[in-house]
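Trainee: Generate a structure from the sequence data that follows.
(chains A and B)
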Number of protein chains: 2
Amino acid sequence: MALSKKPVNGMKDILPAEMEIRDYVTSVIKETYRSFGFTPIETPCMENIANLSNKQGGENEKLIFKVLKRGEKLNLEQAKEEADVVDFGMRYDLTVPLTRFYSNNANDLPSPFKALQIGNVWRADRPQRGRYRQFTQCDIDILGEPSNLAEIELITATTTTIGRLGFKNFEIRINERRILKAMAAYSGFDEADYDSVFITLDKMDKIGTEGVAAELADNGFAQESIQKYLDLFALLAGKKDVAEGVDILTQKLGDYLEAEVADSLKEIAAAVNATKAAEFELVFDPTLVRGMSYYTGTIFEIAMPELGAACGGGGRYDKMVGKFTGNDVPACGYSIGFERIVLLLMESGFQIPEKPKKVAYLVEKKYPADKLVDVMKQAGDARANGQTVLVVRMNKNKKFQKEQLQAQGYEEFVEFFNN
Amino acid sequence: MALSKKPVNGMKDILPAEMEIRDYVTSVIKETYRSFGFTPIETPCMENIANLSNKQGGENEKLIFKVLKRGEKLNLEQAKEEADVVDFGMRYDLTVPLTRFYSNNANDLPSPFKALQIGNVWRADRPQRGRYRQFTQCDIDILGEPSNLAEIELITATTTTIGRLGFKNFEIRINERRILKAMAAYSGFDEADYDSVFITLDKMDKIGTEGVAAELADNGFAQESIQKYLDLFALLAGKKDVAEGVDILTQKLGDYLEAEVADSLKEIAAAVNATKAAEFELVFDPTLVRGMSYYTGTIFEIAMPELGAACGGGGRYDKMVGKFTGNDVPACGYSIGFERIVLLLMESGFQIPEKPKKVAYLVEKKYPADKLVDVMKQAGDARANGQTVLVVRMNKNKKFQKEQLQAQGYEEFVEFFNN
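Mentor: Residues are numbered from 1 along each chain as shown, chains lettered A, B, ... in the order given. This next block holds a predicted model:
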């Protein structure tokens, strides 16, 4: 078979200029999250295929890169379906592996456990511009903390990180699955239909109120419920302040909305707003749904003015660890859009602060070996003093060589001739 | 299918204590290598299966985790062999992907190109204690540098890094594929038999001179050649100094050893020894073979006194890029044993220098939400000042909770009561 110079279809090589930004973003993330007491962990990039196919992953389960069985376990001749020939799969997110990790290692972990994960995930999406089939996710999660301290810490840690990366004027949109449900219940939808209603509601920003009304009607819901439901959103229009929005709902929904849910969301907002370490706005968004069915409480999303789409999000998922252990553990997580952040920084011509000075030593080709030793010594001293020193042979076209080096960030040149 | 709490067979979860060491090692590696002008790159974890099966990977090619084709491309019913159902494979090293990367991106890369890669690789080895099927490799490579400046920089950069990680008294063993060949030629072996002879020679440290003699005889080589060959090694016994060893060989082998090869190795040794930034010894080891058939010149290995086995190695492989492009590009690389270094540091009870102060705020469960805001503010200020601050709810058994936190490195406690 012929060798291919290209990476696997839909995946990409990362060149030094992008790697420099990625490494910088990673270091800011790690340092900031660590200051909040999050501790890094890592799980294997593969999971047993059963763990990836238990309906927790939603649509992502259709996009798994599956790993062929090996040796005696593989029996191609008798294989009837995919499940017969694969045993592992590449993880499509970091949340499913985290819950497995927690179930496996809970005895060796503190409670609450604050996890930081930065790692690659794989999704066999149709390849398209700017969207890759291997990409980095960056998640923080708090397991074992039932109170809204988890939400407060997650939102504060995330906004502090995004702020330190130089972003301003972003929004954190917040909602509660139990508020979503209370609004649906109040409007007269059946509990069995909530998921369908929320799927339609989730399109609000794309198809507008009329579009949502039409789709709900198409799906056969009663006109009365639809009207009642949309009136609620009309009532909340422009009410970005969390406390104000929640108070309106408390008054309107009555017993449908538990006081504890309303109070908790207001507490989160008060704490987050009072301790801001970045320029952002916390916004109540009653249309926020978040796709994954595993969320059980608060949900949130980051919206960047530079981006149409969300740049990360998360929420509370108190029922997921229980799928592994039989015992539920309160859990709440926040994923930031690592790839989008890198892309925005690349496109903005972002310059990394406090880079070491880069010096290139150009050594004439005929430079004798014994004198080269002194060049290497000089380079060693400069490196020990924090400089980046590149020692290279001098090309015939020195002017062009220097231009190339300048493009790589070398700002000073030292030339060594044998004379 | 039942969910599994365990990671995939032969792979491991990495807990915070180990991650802290891994992150520290990674940061020292990146910072040190960067000071030598190496620039990080990344390739996808998967490669087209043909690229991984072109005989460059030696025995590792038998250990590939292969990725099942997807959608219409997969036709299980008509599949006769593995090759019919897979299109990608997990990389088993970072060298094959690097040469593909270089072939794909050479126009956008400087020359010479100094690459740094830290990434996971996968090998479907039989699972065994302390050896995992997913592990991290850390490689530096210089492409496009024909002179021994490449070897000098690689060895100096690697030893500086290992030294900064706190290791002392290690050895860098060095040899040359062309010296290996000259010694074999001088002894009268046929060129076609070199690989077989070297496989036996490679066992010298395990089976000794007598064992090597016996195996060569078993393989049918002439007694005269065997004797002549082993006499050479006897002559070199204890001659650790590179210049001394090479001079002895120059005298003995005559025309079999090119002067340029001998001079180059002596130049490398002189430069490395003169610019040492760590406590190590550069040692001439004429029995050093290095397994991979792609090496064409200098080869080297790190030996740690703490370890029986090598802790990394590398060499020159000038013919590998040409497999992709048709045009050979001089190349030389050095891989350090990331996992072994982490293991040695873990076992030695290594403490990371200059860690931020870790403070835990214990907040009484009944602490009111409005006052919690002030706690969060105080935490925010301390974090901005470089402290790690964990805000947690106070448990009933506060003594036990504090012990647990101390075990995580929290050295100071602040308690918040509602009174």
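
Trainee: In contact with A:Gly130, which residues?
Mentor: A:Leu343 (C-beta atoms under 8 Å, 6 or more residues apart in numbering or on different chains). Where C-beta positions appear, they are placed from N, C-alpha and C, glycine not excepted.

Trainee: Need the phi and psi values for it.
Mentor: Note on A:Gly130: backbone dihedrals following degrees, to the nearest 10 are phi 80, psi 0.

Trainee: Need the pLDDT of it.
Mentor: With respect to pLDDT, A:Gly130 scores 75.

Trainee: what's the answer for the one 4 residues further on, then?
Mentor: A:Gln134 carries a pLDDT value of 98.

Trainee: Would you mind measuring from the residue lying closest to it once chain neighbours are set aside to A:Gly314?
Mentor: Closest residue to A:Gln134 apart from its sequence neighbours, by C-beta to C-beta, 6 or more residues apart in numbering or on different chains: A:Met11 at 4.6 Å. Separation of A:Met11 from A:Gly314 (C-beta to C-beta, to the nearest Å): 26 Å.

Trainee: the more surrounded of the two?
Mentor: Taking other C-beta atoms under 10 Å in any protein chain shown, A:Met11 and A:Gly314 do not tie; A:Gly314 has more neighbours (26 against 20).

Trainee: circling back: who's in contact with the residue nearest to A:Gln134?
Mentor: Listed by C-beta under 8 Å, 6+ apart, the contact partners of A:Met11 are A:132-134, B:44, B:46.

Trainee: Neighbour-wise, give me the winner out of the residues you listed.
Mentor: Within the contacts of A:Met11, most neighbours by other C-beta under 10 Å means B:Met46, with 28 neighbours.

Trainee: So, low pLDDT: which residues of chain A?
Mentor: A:1 (pLDDT under 70).

Trainee: all strands of it, in order?
Mentor: Using DSSP state E, the strands assigned to chain A run over residues A:39-40, A:46-48, A:66-68, A:86-90, A:113-122, A:134-143, A:170-176, A:280-284, A:298-303, A:310-316, A:331-336, A:358-363, A:388-393, A:412-416.

Trainee: and the shortest one, is it in reach of chain B?
Mentor: In other words, strand A:39-40. Yes. Interface with chain B: strand A:39-40 contributes A:39-40 (C-beta under 8 Å from any C-beta of the partner chain).

Trainee: The second one too?
Mentor: Yes. Between strand A:46-48 and chain B, judged by C-beta under 8 Å from any C-beta, the touching residues are A:46-48.

Trainee: Give me the helices and strands touching that strand, please.
Mentor: With contacts taken as 3 or more C-beta pairs under 8 Å, 6 or more residues apart in numbering or on different chains; DSSP states H and E, strand A:46-48 sits against strand A:86-90, helix A:95-105.

Trainee: A:Ile14 contacts B:Glu42, correct?
Mentor: Yes. Under the criterion of C-beta atoms under 8 Å, A:Ile14 makes contact with B:Glu42 at 4.1 Å.

Trainee: Mutual contacts of these two, please.
Mentor: A:Arg22.

Trainee: Neighbour count for these two, which is higher?
Mentor: Set A:Ile14 next to B:Glu42 and count neighbours by other C-beta under 10 Å: B:Glu42 wins out with 24 against 19.

Trainee: OK, contacts around that one?
Mentor: By C-beta under 8 Å, 6+ apart, the neighbours of B:Glu42 are A:13-14, A:19, A:22, B:117, B:119.

Trainee: Over to A:Ala213?
Mentor: Listed by C-beta under 8 Å, 6+ apart, the contact set of A:Ala213 reads A:226, A:230.

Trainee: Tell me how far it lies from A:Gly333.
Mentor: A:Ala213 is 33 Å from A:Gly333, where distance means C-beta to C-beta.

Trainee: Next: A:Lys206.
Mentor: If you go by C-beta to C-beta, the gap between A:Lys206 and A:Gly333 works out to 26 Å.

Trainee: between these two, who's got more neighbours?
Mentor: Just comparing A:Lys206 and A:Gly333: by other C-beta under 10 Å the higher neighbour count belongs to A:Gly333, 24 against 8.

Trainee: Wondering if the biggest helix by length in chain A reaches chain B at all.
Mentor: Ordering each helix of chain A by length in residues (DSSP state H) puts helix A:16-35 first. Yes. Contact of helix A:16-35 with chain B (C-beta under 8 Å from any C-beta) involves A:16, A:19-20, A:22-23, A:27, A:30, A:34-35.

Trainee: Counting neighbours, which of these comes out on top?
Mentor: Each of the residues of helix A:16-35 next to chain B was scored for neighbours by other C-beta under 10 Å, and A:Ser35 scores highest at 24 neighbours.

Trainee: List the contacts of the closest residue in space to that one that isn't next to it in sequence.
Mentor: Leaving aside its sequence neighbours, A:Ser35 sits nearest to B:Arg383 (C-beta to C-beta, 6+ apart; 4.2 Å). Each residue near B:Arg383 by C-beta under 8 Å, 6+ apart is listed here: A:35-36, A:160, B:389.

Trainee: Make a markdown table out of the residues you listed and add distance to B:Leu345.
Mentor: Formatted as a markdown table, those follow (distance: C-beta to C-beta, whole Å):
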| residue | distance to B:Leu345 |
| --- | --- |
| A:Ser35 | 24 |
| A:Phe36 | 26 |
| A:Thr160 | 30 |
| B:Val389 | 27 |
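
Trainee: Among these, pick out the one closest to A:Glu171, please.
Mentor: Nearest to A:Glu171 out of the contacts of B:Arg383 is A:Thr160 (C-beta to C-beta; 15.5 Å).

Trainee: Quick check: the residue nearest to A:Ser35 vs B:Thr39, distance?
Mentor: 32 Å.

Trainee: Pull up the residues of the stretch 251-400 of chain A that are close to chain B.
Mentor: Going by C-beta under 8 Å from any C-beta, the residues of the stretch 251-400 of chain A near chain B are A:263, A:267, A:270-271, A:274-275, A:277, A:323-325, A:356, A:358, A:360, A:363, A:365, A:369-370, A:372-373, A:376-377, A:379-380, A:383-384, A:386-393.

Trainee: Produce a ChimeraX select command limited to the buried residues of the residues you listed.
Mentor: Burial among those is assessed by 16 or more other C-beta atoms under 10 Å in any protein chain shown; the matching ChimeraX selection reads:
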select /A:267,270,271,274,275,277,323,324,325,358,360,363,369,372,373,376,379,380,383,388,389,390,391,392
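
Trainee: just checking, A:Val389 touches B:Phe36?
Mentor: Yes. Counting by C-beta under 8 Å, A:Val389 does reach B:Phe36; the two are 7.1 Å apart.

Trainee: Show the contacting residues for A:Asn60.
Mentor: With C-beta under 8 Å, 6+ apart, A:Asn60 has these contacts: A:92-93, A:123.

Trainee: Let's see if you can find the most crowded of these.
Mentor: Going by other C-beta under 10 Å, A:Tyr92 tops the contacts of A:Asn60 with 25 neighbours.

Trainee: separation between that one and chain B?
Mentor: A:Tyr92 sits 13 Å away from chain B, taking C-beta to the nearest C-beta, to the nearest Å as the criterion.

Trainee: For that residue, give me phi and psi.
Mentor: According to degrees, to the nearest 10, A:Tyr92 has phi -100, psi -10.

Trainee: A:Thr287 now?
Mentor: Here is the backbone geometry of A:Thr287 (degrees, to the nearest 10): phi -90, psi 0.

Trainee: Nearest to B:Ala310 among the contacts of B:Arg383?
Mentor: Closest approach between those and B:Ala310, by C-beta to C-beta: A:Ser35, at 38.6 Å.

Trainee: Tell me who's in contact with the closest one.
Mentor: A:Ser35 touches B:356, B:383, B:386-389, counting by C-beta under 8 Å, 6+ apart.
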